[in-house]
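J.: A predicted structure for the sequence below; I have some questions about it.
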Amino acid sequence: MSRRILRSRQVRVLATLGPASATPDTIGRLFEAGADAFRLNMSHGDQAAKVDLIGAIRDLERRFGRPTTILADLQGPKLRVGRFAEGLALLETGAIFRLDRDPAPGDAIRVHVPHREIFEGIQIGARLLLDDGKIMLRVLAHDADHMVTRVEVGGALSNNKGLNVPDVVLPMAALTDKDRLDLAFACDVGVDWIALSFVQRPEDLAEARKLIAGRAALLAKIEKPAAIDRLEEIVEACDAVMVARGDLGVELPPESVPPLQKRIVETARRMGRPVVVATQMLESMIKSPSPTRAEVSDVATAIYDGADVIMLSAESAAGDWPVESVAMMDAIGRSVELDPYHGDRVHFTSLRPDPTTADALAEAAKTIAATVGAKAILCFTASGLTARRVARERPGAPILVLTPDIDVARRLGILWGSHAVHTLDVNSFEEMSTRAAAVALKSGIAVAGDRVVLVAGVPFRMPGSTNMIHVLRLPVA
């Protein structure tokens, strides 16, 4: 018998699956603990294993009567140095160190870098960060085959360590050959979101959008400093964004990440795109059954800022306490949203609706719901755009989204405050009112005699035609 899980919080929880959470039983427990969506990290594991995970996630729809949401996170280009003759080398601070395209094993004087795009795009004075920023080099000279650098922060460098180039836009595509194969696979098996790594400019999204061909929604990960310079253009070109704090924190000073997080969240909210805050949110829960107070405060800050989604990475994928990590995210979300000042803080972000009927009605729905004490705002939508516009306003009432398209219902799993219901289409105002009342009562979001606010577009089944708002009192038997 199916059971509908209707969350009592507005912020959404995205849980990464991995070795600690790869069984159907654990996935079900994560869902019951509060996971609204699941992330598949395409950097790890093979495609066959992902098929089993997707099957287990989709099975939750039958068990709980609620659409499930799956995000496939593409690996993106991984820049690395080559190998060393002795496995590692000690780079002394102040020393000269050469990076070149010679594949011979390296030493304390030089090392191979196999990425020609770095040599093509690098500039004198640019920084090179090695091993997650533990070692820093400054470029003194370069040509098509080598770079001469000064070691500004030294240390031991071992084989195949990561290389970050934060100060220049590299002439390389965001999609690798592996990413293209993973993207095709993910779309073929019906994932709902594709997350694109290494986005530096809005043009990076074009190839992924073309390959997806409408089969999934596109999320841009903001993890490169170059992306910040063209943030609004990138947000405009995608369907959602992620604040990927891990890579941002490598390429930028740690103290610059919090204000950038707020800027990205604010920009995404203002432009009506769902925004995910990710990385190290409950890092200590990889090994501990409880988080630090600082981590709880960090998660709470993202919720107060109005983020749509808070994400777990290794905590749910590889940690010792995956279910407890999700339950903690759920508890923090519910606690913050019970704060009587939560609404005021969420609305610190100034939103200026576009001069359209749809945006005007979305803003009005929030005000009307508050004025008449409506228990919910019900959106009828064919594309999800109506729901996204209403969620952008961060209303005090939950958003119940009715759509005849199961793909749209699944994609809404990362939208703030939305509870998607896959339902039959409607053909008239009377049918819409009857269906809305039935769904509101069945979901438990309201009871007989309560008011709800309906938002829809007439004629029906025309995406982007939001033009109607109605206050409905649920019938008393």
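T.: Yep, it's here. Numbers count the residues shown, from 1 in each chain.

J.: is residue 408 in a helix, a strand, or coil?
T.: Following DSSP: H, G, I helix; E, B strand; the rest coil, residue 408 is assigned to helix.

J.: which strands or helices does the helix or strand where residue 218 lies pack on?
T.: Here residue 218, judged by DSSP states H and E, is contained in strand 217-222. With contacts taken as 3 or more CB pairs under 8 Å, 6 or more residues apart in numbering; DSSP states H and E, strand 217-222 sits against strand 193-196, helix 204-212, helix 231-237, strand 240-244. Yep, even glycine has a C-beta here, placed from its N, CA and C like the rest.

J.: grab the nearest non-local neighbour of residue 190.
T.: Excluding the flanking residues, the one nearest residue 190 by CB to CB, 6 or more residues apart in numbering is residue 54, at 7.2 Å.

J.: give me the helices and strands touching the host helix or strand of the one you found, please.
T.: Per DSSP H and E: residue 54 is located in helix 47-64. Here helix 47-64 touches helix 24-33, strand 37-41, strand 70-73, helix 177-188, going by 3+ CB pairs under 8 Å, 6+ apart.

J.: tell me the buried residues in that helix?
T.: Under the neighbour-count criterion of 16 or more other CB atoms under 10 Å, helix 47-64 has 50, 53-54, 56-57, 60-61, 64 buried.

J.: again, but for stretch 331-348
T.: Neighbour count says stretch 331-348 has 332-334, 336-337, 342, 346 buried, by 16+ other CB under 10 Å.

J.: quick check: mean pLDDT across that stretch?
T.: The predicted model gives stretch 331-348 an average pLDDT of 93.

J.: who's in contact with it?
T.: 8-11, 13, 34, 296, 299-300, 303-306, 310, 394, 396 (CB atoms under 8 Å, 6 or more residues apart in numbering).

J.: out of the residues you listed, grab the one that's most surrounded.
T.: residue 13 (28 neighbours; other CB atoms under 10 Å).

J.: for the stretch 201-350 of the chain, give me the ranges with low pLDDT.
T.: Residues of the stretch 201-350 of the chain meeting the criterion pLDDT under 70: 350.

J.: on that earlier part again, I'd like the buried residues of stretch 331-348 as JSON lines, with secondary structure and distance to residue 192 appended.
T.: Output for the buried residues of stretch 331-348, formatted as JSON lines (DSSP: H, G, I helix; E, B strand; the rest coil; distance: CB to CB, whole Å):
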{"residue": "332", "secondary structure": "helix", "distance to residue 192": "25"}
{"residue": "333", "secondary structure": "helix", "distance to residue 192": "21"}
{"residue": "334", "secondary structure": "helix", "distance to residue 192": "25"}
{"residue": "336", "secondary structure": "helix", "distance to residue 192": "26"}
{"residue": "337", "secondary structure": "helix", "distance to residue 192": "25"}
{"residue": "342", "secondary structure": "helix", "distance to residue 192": "28"}
{"residue": "346", "secondary structure": "helix", "distance to residue 192": "25"}
